[in-house]
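Chemist: Next input, structure requested:
(one chain, ligands or ions: 1)
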Amino acid sequence: MSTPSLTALTPAPGQSRGLRSITLARGDMDPQSGLLGYVVRNDARTWIRRGEGLVAYGETARFTVTGPDRFTQAQEWWRRELAGAAVQDDLGVPGSGLIAFGSFAFSKTSLHESRLIVPEVVLGCSEGRAWLTYITDDAEAELSAEAAEAALAAYLVEPDSDRSPRPDDRLGPGVLSEDQYKLAVARGVKHVQAGELSKLVLARDVVAHLETPVATAQVLRELAVRYEDCWTYAVDGLIGSTPEMLIKVENNTAQARVLAGTLDRANAPADDPDYPNRVLAGSEKQLHEHQIAIDSLTETLQPFTSSMTSHSEPFVLQLPNVWHLASDVTAQLAVDDGGQVPTSLALVQALHPTAAVCGTPTTVAGALIRELEHLQRGPYAGPVGWIDAGGNGEWGIALRGAVIETPTRVRLYAGCGIVEGSLPDAELAETWSKFRPMIQALGLSAPS
Ligand SMILES: C=C(O[C@@H]1C=C(C(=O)O)C=C[C@H]1O)C(=O)O
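Modeler: Numbers count the residues shown, from 1 in each chain. Here you go, the predicted structure:
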């Protein structure tokens, strides 16, 4: 299989036919707040975990695409942008230099535009090292530390204000009512019982109607602080905090975090520390559901790798709202004849959609999702993240999130893996536990 690679195309410094960037080491990041202190505008793009990651403002270039070839076309666009670019990068670490943020539609038939966006300024922080990147397409612009700091300062000068919950803020139904969702789950279970597929993921939406415009930066900061083990993402109104890493590429290493199997923490007994292990890791149904998800990832990743490791047993990942069965996979990427490893986007193209968000087999599950869900997933459950000029990147699965449709209307999404033993009432309750991060960050309360 030939896999596109960007590394060979990373341009030499000084050559310029398009994008120009400068990256400078920056020592003054507040170690307590890390990047969060820079999430002050509602148009911030973010990728943050435990105070590290990327925060970006502005837009120097953009590519949008729909359809089954959206990943390949995005990668080709990125390749062309890089071929004409001039990059000065003092650090040379994953995420420094030229980068693009991205969000991709879940479905190949979606009308929702998948996108790659090259920001104007990027603040990065990784393993304690901080940097600032300034990107321009102006051939005359000065590329210096002063110019980069001035570009950043221009974005920070007018922070957006926070908001307080208002009496008329409310959470309303989405496309399907709760009863209709339970019916869809019951139908899904029948298809599994009939042997057409082993797992199907069915999602639903609820809609937050706010009295005053959503304070996106505040929501992102709250998510990032509360869900510090998750990746807090924001790309063009798609926001959330995902616990699931589709694929991370750092030089020759790829990593994924596969989740499947969920237990709500809200009703857990306080005096029973073994509860999640017993109920989650001890449940045949949950282990089966998890095994399907891990098999789907490792089978698809395997051809791109020279070695791969994952634990034989999943571990219990504790988040503030739920426990999950989780497996971390680490792989060494195989080098092709040209000495290249696949880019993060090439791997995204191969891996999406995993059984964690679609089902097994993929085509049967995809068709049933269209038939039973009645939902336009848009970017929900699609890849969200970033790629750099070397092809490194982090692509999470856009879960535990929402789409800001208008300043006062926010659509939240959550789904559940349906297997043979799934019960509609339990799956409905599970969607509420997965809506909870966004509901709380928006200052709403779930209907009791
Ligand atoms: C589909 C979602 O989550 C997925 C489904 C899970 C499950 O069914 O146990 C667990 C984690 C995710 O892979 C979602 O959060 O919307």
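Chemist: Please make it C-alpha for all contacts and neighbour counts, starting now.
Modeler: OK.
Chemist: Surely Trp78 is in a strand?
Modeler: No. Counting by DSSP: H, G, I helix; E, B strand; the rest coil, Trp78 falls outside a strand, being helix.
Chemist: Mind checking if stretch 349-360 is in reach of the ligand?
Modeler: Yes. For a cut-off given as Cα under 6 Å from any ligand atom, stretch 349-360 has contacts with the ligand, namely Ala356, Val357.
Chemist: now that stretch: mean pLDDT?
Modeler: The average pLDDT for stretch 349-360 rounds to 95.
Chemist: Stretch 256-271 too?
Modeler: For stretch 256-271, the per-residue pLDDT averages 93.
Chemist: buried ones in that stretch?
Modeler: Within stretch 256-271, the residues scored as buried using 16 or more other Cα atoms under 10 Å are Ala256, Arg257, Val258, Leu259, Ala260, Gly261, Thr262, Leu263, Asp264, Arg265.
Chemist: same check, this time on stretch 367-376
Modeler: Leu368, Ile369, Leu372, Glu373, His374, Leu375, Gln376.
Chemist: The second one against Leu202, yeah?
Modeler: Yes. In terms of Cα atoms under 8 Å, Ile369 counts as a neighbour of Leu202; the distance is 6.4 Å.
Chemist: Report the set of residues contacting both of those two.
Modeler: Common contacts of Ile369 and Leu202 (Cα atoms under 8 Å, 6 or more residues apart in numbering): Cys358.
Chemist: By mean pLDDT, point me to the weakest helix or strand of this structure.
Modeler: Every helix and strand of the chain was ranked by mean pLDDT, DSSP states H and E. The lowest is helix 284-301, at a mean of 91.
Chemist: packing partners for it?
Modeler: Packing partners of helix 284-301 (3 or more Cα pairs under 8 Å, 6 or more residues apart in numbering; DSSP states H and E): strand 253-264, strand 322-333, helix 344-351, strand 359-360.
Chemist: so what strands line up beside the helix or strand that that helix is followed by?
Modeler: Next along the chain after helix 284-301, taking DSSP states H and E as the criterion, comes strand 305-310. If you go by DSSP bridges, strand 305-310 pairs up with strand 322-333 (antiparallel).
Chemist: before we move on, the earlier item: can you say which of the helices and strands packed on helix 284-301 is packed in most?
Modeler: strand 359-360 (a mean of 26; mean count of other Cα atoms under 10 Å).
Chemist: Quick one: work out the angle between whichever helix or strand comes after that one and helix 284-301.
Modeler: Counting by DSSP H and E, the next helix or strand C-terminal to strand 359-360 is helix 362-373. Helix 362-373 runs at 130 degrees relative to helix 284-301, counting by axes from the mean of the first three to the mean of the last three Cα atoms, to 10 degrees.
Chemist: Helix or strand next in line after helix 362-373, which one?
Modeler: Following helix 362-373 in sequence, per DSSP H and E, is strand 383-388.
Chemist: Distance to Asp388 added to the buried residues of stretch 367-376, as CSV?
Modeler: Formatted as CSV, those follow (distance: Cα to Cα, whole Å):
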residue, distance to Asp388
Leu368, 35
Ile369, 33
Leu372, 38
Glu373, 35
His374, 36
Leu375, 33
Gln376, 30
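Chemist: what sits up against stretch 422-429?
Modeler: Glu178, Tyr181, Lys182, Leu183, Val185, Ala186, Val189, Cys416.
Chemist: Mind doing that once more with 6 Å?
Modeler: Stretch 422-429 is contacted from outside by Lys182, Val185, using Cα atoms under 6 Å, 6 or more residues apart in numbering.
Chemist: got the buried residues for it?
Modeler: Quick answer for stretch 422-429 (16+ other Cα under 10 Å): Ser422, Pro424, Glu427, Leu428.
Chemist: SS state for the last one?
Modeler: Following three-state DSSP, Leu428 is assigned to helix.
Chemist: mind checking how far it is from the ligand?
Modeler: With distances taken as Cα to the nearest ligand atom, to the nearest Å, Leu428 is found 11 Å from the ligand.
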